[in-house]
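Asker: quick one: sequence plus predicted model below, questions after.
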Amino acid sequence: MRKIIIVGAGVSGLSIAQLLKNSYEIKIIEKESRPGGLIKCDRVNGHLFHRTGGHVFNTKREDVSNWFWEHFDKDKEFVKTDRYSVVSMPDGRIISYPIENHAYQFSEEMMQRFIGDLILMASSDSVSPANFEEFLCSRFGETLYHDYFQPYNEKIWRRDLKDVPLSWLVGKLPMPTLREIIYNNFNHVEEKQFVHSTFYYPKNEGSQFLANRLAMGLDICYNTNVTSLKRVDNGWMVNGELCDKVIFCGNIKDIPSILEDVDLTSYFAEIEKLEAHGTTSVLCEVDDNPYSWIYLPSRLHQAHRIICTGNFAQSNRGNRILSATIEFTDYISKESILEQLNRIPFGPKYLSCNYAPYTYPIQASGTRDLILSLKKHCEPLGLYFLGRFAEWEYYNMDVAIGASIDLIKCL
Ligand SMILES: Cc1cc2nc3c(=O)[nH]c(=O)nc-3n(C[C@H](O)[C@H](O)[C@H](O)COP(=O)(O)OP(=O)(O)OC[C@H]3O[C@@H](n4cnc5c(N)ncnc54)[C@H](O)[C@@H]3O)c2cc1C
């Protein structure tokens, strides 16, 4: 049987391994001591701690859904929930999400400004926005821009929104027309088009449960960092071990230092330039509330959202107290977190924190072409790139699984 070595036991590596295990001899090499990558969870004081994010599952692809539910029992092992997201405004008001559909919940003063914006937008000629700031102002008006979109997005992007080109955001932006905003306000319309408007969540152990299940029956070598990918006659040596093909699900930025005997030097400068953000996730006990995600535009602190993971499954709570992860973009020291927590709503009490340096790939205008060209060069040699940071794509778990399903057709 031909042998494939897969680098990385995140969702991408695990799903492609499951898809291929009956046709190839499969080995996964993973640098950490357990499977999951970004979806790993721990227990802290009885609370489930999503070390990054607060992973929930859904998909719009039928083949992904069919494949996923072959591995899990939807009714016995999962809860299905409607997402209940809100924006917590600096004045203490809670406004339903998306904010532009719920003007009736604004303060009187903010509502008057917003009405003025709508009148102005109705009488203005449409212009093509050149950057994220122009897009948001022209689409939602000055009030929502200054009170919500600007402070919230500046915390996420960590830069002036004039410096965020629209090419970074293609396909990720809400595009309601003025008519839709007005209609949605009359009807208090909740957001339903996003994949996670309704989601599935494991009854026990959160996304670690997904990783552990998908790792079952696979040959995974843990605690082993792949430091050498060497092209040999009709195959590859991975850390000295021979195989026919390699599927790389790690971080493409590592490729220049681990690849041997394949000349990719013309790509290295562009790979070096690829940008990403990291995330500091802080596990806290928080005041009881019914929400899933709470967005935080306040300029009084740097956190941008609270994910109430304790509301996703009862078993996520320690001593029945609600817990949540509070997210900060990039690295925030523990001292700074503790100093900021008393300015964050819902009374967070610190339990633990984790910093992951690579969480959000930034897609510049040439990123897709770069990765495509690299794949075209490497795939005929038997080296494949798959996953969020191997392909520098903004993949959710279901999209990563979809990419695995698509890749097996090329092998
Ligand atoms: C904050 C946040 C929230 C999210 N929320 C959701 C959500 O709610 N729902 C959803 O569907 N998706 C969500 N996602 C996306 C989801 O996390 C990803 O789609 C998914 O985890 C990507 O898996 P991956 O295998 O491609 O990458 P990773 O999870 O990064 O896995 C890569 C693996 O490779 C290993 N590795 C790397 N280099 C080497 C090496 N040299 N040698 C050996 N091993 C190596 C790593 O240790 C890791 O285990 C979220 C992402 C973030 C950042």
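Answerer: Yes, it's here.
Asker: what's the domain layout of this structure?
Answerer: Domain ranges of the chain: 3-31+224-274+364-408, 38-63+70-97+194-204+277-361, 99-187, per automatic domain parsing.
Asker: how about the second one and the ligand, any contact?
Answerer: Yep, that's domain 38-63+70-97+194-204+277-361 we're talking about. Yes - for domain 38-63+70-97+194-204+277-361, a contact with the ligand is found by C-beta under 6 Å from any ligand atom, at 38, 39, 52, 53, 55, 56, 57, 279, 359, 360. Glycine gets a C-beta too; all of them are placed from N, C-alpha and C.
Asker: show me where pLDDT drops low in the chain?
Answerer: The chain contains residues with pLDDT under 70 at 192-193.
Asker: packing partners of the longest helix belonging to the chain?
Answerer: Assignment by DSSP state H gives helix 108-123 as the longest helix of the chain. Helices and strands touching helix 108-123, by 3 or more C-beta pairs under 8 Å, 6 or more residues apart in numbering; DSSP states H and E, are helix 132-144, helix 178-187.
Asker: give me that answer again for 6 Å
Answerer: Applying 3 or more C-beta pairs under 6 Å, 6 or more residues apart in numbering; DSSP states H and E, one finds that helix 108-123 contacts helix 132-144.
Asker: can you check what angle separates the helix it packs on from helix 108-123?
Answerer: Angle of helix 132-144 versus helix 108-123, following axes from the mean of the first three to the mean of the last three C-alpha atoms, to 10 degrees, is 130 degrees.
Asker: give the buried residues for helix 132-144.
Answerer: 132, 133, 134, 135, 136, 137, 139, 140, 141, 142, 143, 144 (16 or more other C-beta atoms under 10 Å).
Asker: now residue 252, nearest residue through space, not along the chain?
Answerer: In space, and not counting its chain neighbours, residue 252 is closest to residue 390: 5.4 Å by C-beta to C-beta, 6 or more residues apart in numbering.
Asker: dump the residue contacts of the one you found.
Answerer: Counting by C-beta atoms under 6 Å, 6 or more residues apart in numbering, residue 390 makes contact with 248, 249, 252.
Asker: wait, what's in contact with the second one?
Answerer: If I follow you right, that is residue 249. For residue 249, the contacting residues are 7, 8, 12, 13, 386, 387, 390, by C-beta under 6 Å, 6+ apart.
Asker: what residue of the chain is the furthest out?
Answerer: Using C-alpha atoms, centre = their mean, the residue of the chain lying farthest from its centre is residue 233. It sits 38.4 Å away.
Asker: can you map out the helices along this structure?
Answerer: Remark: helices assigned in the chain by DSSP H are 11-20, 62-71, 74-77, 108-123, 132-144, 150-157, 178-187, 206-215, 255-258, 265-273, 334-341, 367-378, 397-408.
Asker: which helices and strands does the first one pack with?
Answerer: If I follow you right, that is helix 11-20. Here helix 11-20 touches strand 25-29, helix 397-408, going by 3+ C-beta pairs under 6 Å, 6+ apart.
Asker: the inter-axis angle of it versus helix 397-408?
Answerer: Angle, helix 11-20 to helix 397-408, by the same axes, to 10 degrees: 40 degrees.
Asker: what's the angle between helix 11-20 and helix 206-215?
Answerer: Using the same axes, to 10 degrees, helix 11-20 lies at 30 degrees relative to helix 206-215.
Asker: what comes into contact with helix 11-20?
Answerer: Residues outside helix 11-20 that contact it (C-beta under 6 Å, 6+ apart) are 6, 26, 28, 214-215, 218, 247, 249, 386-387, 397, 400-401, 404, 408.
Asker: can you name the residue of the stretch 201-350 of the chain nearest the ligand?
Answerer: residue 250 (2.8 Å; C-beta to the nearest ligand atom).
Asker: look at that residue and say how many residues are nearby.
Answerer: 27 (other C-beta atoms under 10 Å).
Asker: over to the one 3 residues further on?
Answerer: For residue 253, the count of nearby residues is 16 (other C-beta under 10 Å).
Asker: now residue 190
Answerer: 16.
Asker: for it, grab phi and psi.
Answerer: With angles defined as degrees, to the nearest 10, residue 190 sits at phi -90, psi 160.
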